[in-house]
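# all I have is the shape, not the residue letters:
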């Protein structure tokens, strides 16, 4: 028998991605999609790509109804709104994968500093940060998974083995990240207007993006002490993908083989990390539409630095694919089930 | 037990698409990929997107070896080269799906007029034009399928029900087609250079594109007499997709319902055609990476015309997905097996 | 002494284009830019590209003030709103170039059928349709110029010499047009969202676009009788440019030379039309940011048709560049003054 | 009387840009364009955008003929080939702007380490590095200008005032740069293929790009001691533009005003640098097709770093526009003559 799942907030891009992937997941039955804006409309009218793939009609959010009709709920709402929905679902005994930032921080003061008041602090100790390569064991037994942000996914996967092994100076980390436009969401704004983005490459929210404390938290845990990290997001004229160029000062002489070994030890068994050979570098093109994170690096003895680069699809690995992976772990469906997605080139 | 398949000419874009889809097809085992240029190299080095998805190494073409190791062979070579490979494979009793133009024409003089000398004319009577919606029955029993060209697929599917029913004047057909750049192949040319294509929209080969006689042949069969068709291809600054805008003069007064009924009768049971409701129009975005052909139309009483529009992915429905669909029919795997591909938006 | 000009509605894309070009026009001084939305903001904050190029501050619309401060006013407002502004400016003795559709139609019933009630019908007899190649003489003495729509500019220039000479059947005209996204304006909508446009090519407003009667009016004048025309607009994933593929049935046997001669006779002295040699085809890339209209064609004896193709930049030739050209003619500044714009490739 | 100029190697993208801009420069007459590949073809056939703008025919390189027909020669050849042409032109008394790397390095051993043997070392002492904001005075009296690389232009302009004032630790500089595809030249390669670039964002030549020593040389001069710099180039799916994100450790507490003052002091009178206000960030969109370098920055006290961002057009400011600016200075034409280029948005 298939597990019944629901998507709350199904008409943004991460919601779309959840619906598209869940409708083809062999172990689940998608029983409901909610949308404030599109309630009453077939999801395949909102997203014509879904014609013939989903017969669901968007419905207004009704917690009680969801509790009755789903065992696992994906919440794809903006932060703050999310926690108000997650809390009653969790308390009703449901397993929840929350794609917002609301349950990502262990320390609510960090959340409150960067976001706003937290109204469900008591749930924080139940929440697990849903990066499978770092917290797979806890995710398996979790009832509430806080799905990582898109940028943090790419940065943390590239940085964790390095800081964990102590081969880099933790406070030297600089993550220069570049994201496709879908990362800005489906809302129609001047920023997402084709003509303002096409041929326009720029940085934004320099020094103030809310993914900063998330990266810091996770890498501090790995390092064993509070670290500092510079994080600069950029917008790329493309639809999907995040490339992270991570700079760090080497704390000692290391060889390419030694660093390769660190990545291999960390991710050798991870089905969704692909470690590149020396001389190869990741491209967002090669991970499009998949749950892969590709990682390659280069040592630069001249400046005593390592440059490690990761590529992910921001909507799949950076959001909905990872959310489904977390469900797979929570329900013991097999980590890769429903995520053996076709690759693209072009 | 899985059926063994091989791809000859696996390192162009249609070759890539075949490998990517066949490696995940549940009924087949991809046993060989040949490439003149990349022989000896892992296919995953040629196409980094395939890392972890395929461990095959490109090999030089060896007919005997292929005959031993595969039951179905996809030939993704340029025309002329293709027939030299198809003939011995076919004669060795193999089932072949040929993606070139070499076996698409019933009358070799048409081929020889638009292409060059045909050196395997005796096979033409065995070849079936592989458009499942039109020739599904013959494909099921075929040993040699000539996979349709990308443009003809979109044009013929939009036009066939109209000319078959006689609601349009056959010689009035104008197919204004627009293709993404992958249709020009993976060869590095000035035409495919990013900077010459980006922000550059243009027509090419006006009045002389070789897909013209292919469209003409198939629509003439449907019509029951030799028809004329104007076909103009354009290059769009995007990677994938073909949109066909088909113009035809109505031969009599018809209602939207009546024409809808014609399409419904033709494609109502076809798993890979999606007929759009009145007021909806197809977009290449909605069929990306899938085997779907979306069709919508509009009557224009003011000018006595119908404008029918179809959208396909040129590499999937227009080439490799359709080729696999043809294999599915030939081997009775189930038409949609391995082709329930995820949809995209964005 | 420089002529004082003003732009009403300066913060859409055509407004931007007007400001950018007028600030560098050697014969004029841009004295005011109005904007409802951005009143009080420097235009260089609204459009950062204008930093250092314009020190103007957007101001609310004040007819009296404009009348005092400008001799030529460009009105870049939506239709209906435009006529309410044009009328008082015109009556105050100002010369006006209106970029809306409000004064393009000789017969107000056509306007009222496709748009809405016309509240300044008395001005229609003073308005000249501002296509310099067709109405240059009238424009020179006009006080009110109705600047053509972007699509009509490309279609009419390609079609006029053909219908005027009677070499094509007038009711056989089909204009399949493709426009960059800037044609949809700067308003943030789902249609202009990068992710909904990128890799998405589609037709829109099939059979109902308001540029249809405009094309029909002008080509009917040229032909000498009321003609019918099919016009289908498409949206291309690029920022700028319109390519028109015009199909027409030949009314008699003609040679390439003869048709070339017709175009040559019509445009040989026009500084902003470039006629391509046989075998060459226009691309939007080659006219980017310029006031050129490139035209090439091909005869297809097999089907008895001509396919004539034109390329323009929708914001320059299709709107603001043409508007400035009209001003040049009205004020006798020299047709090309301020419009010798650099070309681009890439 | 106009000064006669010539372009050697006119059929790459920088060559195109030179021709397009020089044909409209009021003080010069472009007398010759050479091209090995296209000798005998009109430049307007090689670059159809130039139709009607240039009647020049590409000619084979003939030093003697150039010496007779031009007073200033722009050499847009690959390195190594360039020096073989520059040397005889220079010795014949001509003024030369060389766009290759051949004369950028004061120390030939640096050149020989990163490139190859230098065969015209005696000219190095005559060569001036053509960055007008840093070396304007020397350029005015130079006979040989080595036009800067595209990346170094953006990096050096952002970094120079900071290292000069000592507010940052010189060895902490990290320049993460992103370039449009035209930076890779017009050669048709897999790297520049539309389908391999579109939706593909990636780094390349990490730790080994030849612009590294050029950045190092110029910033070492400014700093007064040899410094180290990390430089990572990336390829963006767009045609034009370079964005540089420069990271540096602050050597002491500074305020935004103080750093603004440093930039103001350095570039306040430079016509082609636009300093952005606090809170504003550059975009490649806003400098397209112009000679501007836009600079904005942000202090990050949390990590003790400054992030300074610059945007240029790689073909205009990063190559041909800057080359013309250098000619303007050498010939005292006025720095901005012929470079008051229209701005774009979109």
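Happy to help now that I have it. A quick note: this is a predicted structure, and the numbers were derived from the prediction, not measured.

# near chain B, which residues of chain A are found?
Contact residues (CB under 8 Å from any CB of the partner chain) of chain A with chain B: A:13, A:16, A:20-21, A:24, A:47-53, A:181-182, A:199, A:239-240, A:274, A:276, A:280, A:283, A:285-289, A:292, A:294, A:315, A:340-346. Heads up, the C-betas are built off the backbone N, CA and C, glycines and all.

# try it again with 6 Å
A:16, A:20, A:47-53, A:182, A:239, A:274, A:286, A:341-346 (CB under 6 Å from any CB of the partner chain).

# how about the strands in the stretch 1-150 of chain A?
Assigned by DSSP state E, counting those that start in this stretch, the strands in the stretch 1-150 of chain A fall at A:3-8, A:28-34, A:72-75, A:95-98, A:127-129, A:144-146.

# now residue A:254: how far from chain C?
Counting by CB to the nearest CB, to the nearest Å, the gap between residue A:254 and chain C amounts to 40 Å.

# before we move on, back to that, near chain D too, which of the residues of chain A next to chain B?
Okay, of the residues of chain A next to chain B touching chain D (CB under 6 Å from any CB), that's residue A:346.

# count the neighbours of residue A:77 for me.
23 (other CB atoms under 10 Å in any protein chain shown).

# what residues are up against the nearest residue to it once chain neighbours are set aside?
Counting by CB to CB, 6 or more residues apart in numbering or on different chains, the nearest residue to residue A:77 once its immediate chain neighbours are dropped is residue A:9, at 4.2 Å. The contact partners of residue A:9, by CB atoms under 6 Å, 6 or more residues apart in numbering or on different chains, come to A:15, A:76-77.

# closest one of those residues to chain B?
Using CB to the nearest CB, residue A:15 is the member of the contacts of residue A:9 that lies nearest chain B, at 11.1 Å.

# need phi/psi at residue A:173.
Per-residue torsions, residue A:173: phi -70, psi 130 (degrees, to the nearest 10).

# quick one, phi psi at residue A:94?
phi -80, psi 150.

# dihedrals phi and psi, the spatially closest residue to residue A:111 that is not a sequence neighbour?
The spatial neighbour of residue A:111 that comes closest, neighbours along the chain excluded (CB to CB, 6+ apart), is residue A:105 at 4.3 Å. Main-chain torsions, residue A:105, degrees, to the nearest 10: phi -100, psi 130.

# and if you look at residue A:294?
Dihedral angles (degrees, to the nearest 10) for residue A:294: phi -90, psi 140.

# what is the burial count for it?
29.

# that one touches residue A:282, doesn't it?
Yes. Residue A:294 is within contact range of residue A:282, at 3.8 Å (criterion: CB atoms under 6 Å).

# the residue nearest to residue A:116 when sequence neighbours are not counted: how many residues sit nearby?
Using CB to CB, 6+ apart and skipping the chain neighbours, the partner closest in space to residue A:116 is residue A:80 (6.1 Å). By the measure other CB under 10 Å, the count of residues near residue A:80 is 15.

# residue A:80 and residue A:101, how far apart?
Per CB to CB, to the nearest Å, residue A:80 is found 9 Å from residue A:101.

# then residue A:48?
30 Å.

# and the two? Which one has more around it.
Higher neighbour count among residue A:48 and residue A:101: residue A:101, with 24 against 19, using other CB under 10 Å.

# list the contacts of the more buried one.
Counted by CB under 6 Å, 6+ apart, residue A:101 has contacts residue A:79.

# per-residue confidence for it?
Looking at residue A:101, its pLDDT stands at 98.

# next one: the one helix or strand residue A:324 maps to to chain centre, how far?
Here residue A:324, judged by DSSP states H and E, is contained in helix A:321-330. How far helix A:321-330 lies from its chain's middle: 11 Å, per CA atoms, centre = their mean, to the nearest Å.

# same question for stretch A:296-309.
Using CA atoms, centre = their mean, the offset of stretch A:296-309 from its chain centre is 25 Å.

# in it, what's buried?
Buried residues in stretch A:296-309, counted by 16 or more other CB atoms under 10 Å in any protein chain shown: A:296-300, A:303-309.

# of all those residues, which two lie farthest apart?
A:296 and A:304 (19.4 Å; CB to CB).

# and the stretch 201-346 of chain A, which residues reach chain D?
A:201-203, A:206-207, A:228, A:230, A:232, A:236-238, A:243, A:245, A:247, A:281, A:283-285, A:298, A:300, A:303, A:305, A:307, A:309, A:346.

# ok, now which ones touch residue A:108?
For residue A:108, counting by CB under 6 Å, 6+ apart, the contacting residues are A:118, A:121.

# which pLDDT does the model give it?
For residue A:108, pLDDT reads 97.

# can you count the residues close to the closest residue to residue A:84 other than its chain neighbours?
Leaving aside its chain neighbours, residue A:84 sits nearest to residue A:119 (6.9 Å; criterion: CB to CB, 6+ apart). If you count neighbours by other CB under 10 Å, residue A:119 ends up with 12.

# same thing with residue A:40?
9.

# distance of it from residue C:126?
For residue A:40, the distance to residue C:126 - CB to CB - is 51 Å.

# and if you look at residue A:1?
Distance from residue A:1 to residue C:126, by CB to CB: 77 Å.

# more crowded one of the two?
Between residue A:1 and residue C:126, residue C:126 has the larger neighbour count (other CB under 10 Å), namely 13 against 5.

# got the domain ranges for chain A?
A:3-148+A:317-330, A:151-313 (automatic domain parsing).

# just to revisit the earlier point, tabulate the contacts of residue A:9 (CSV), appending pLDDT and distance to residue C:332.
As requested, these are arranged in CSV below (pLDDT from 0 to 100; distance: CB to CB, whole Å):
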residue, pLDDT, distance to residue C:332
A:15, 97, 60
A:76, 98, 62
A:77, 97, 62
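
# can you tell me which of those is nearest residue A:260?
Using CB to CB, those come closest to residue A:260 at residue A:76, 36.5 Å.

# I'd say that closest one and residue A:17 touch.
No. Using CB under 6 Å as the test, residue A:76 is too far from residue A:17 to be in contact (8.8 Å).

# comparing those two, which residue is more hemmed in?
residue A:17 (33 against 29).

# for that one, give me its contacts.
Contacts of residue A:17 by CB under 6 Å, 6+ apart are A:315, A:320.

# can you report how many residues neighbour the closest residue to chain C within the stretch 201-346 of chain A?
Residue of the stretch 201-346 of chain A nearest chain C, by CB to the nearest CB: residue A:239 (4.8 Å). Residue A:239 is flanked by 30 other residues according to other CB under 10 Å.

# test my guess that it contacts residue C:197.
No. Taking CB under 6 Å as the definition, residue A:239 is not a contact partner of residue C:197, at 9.4 Å.
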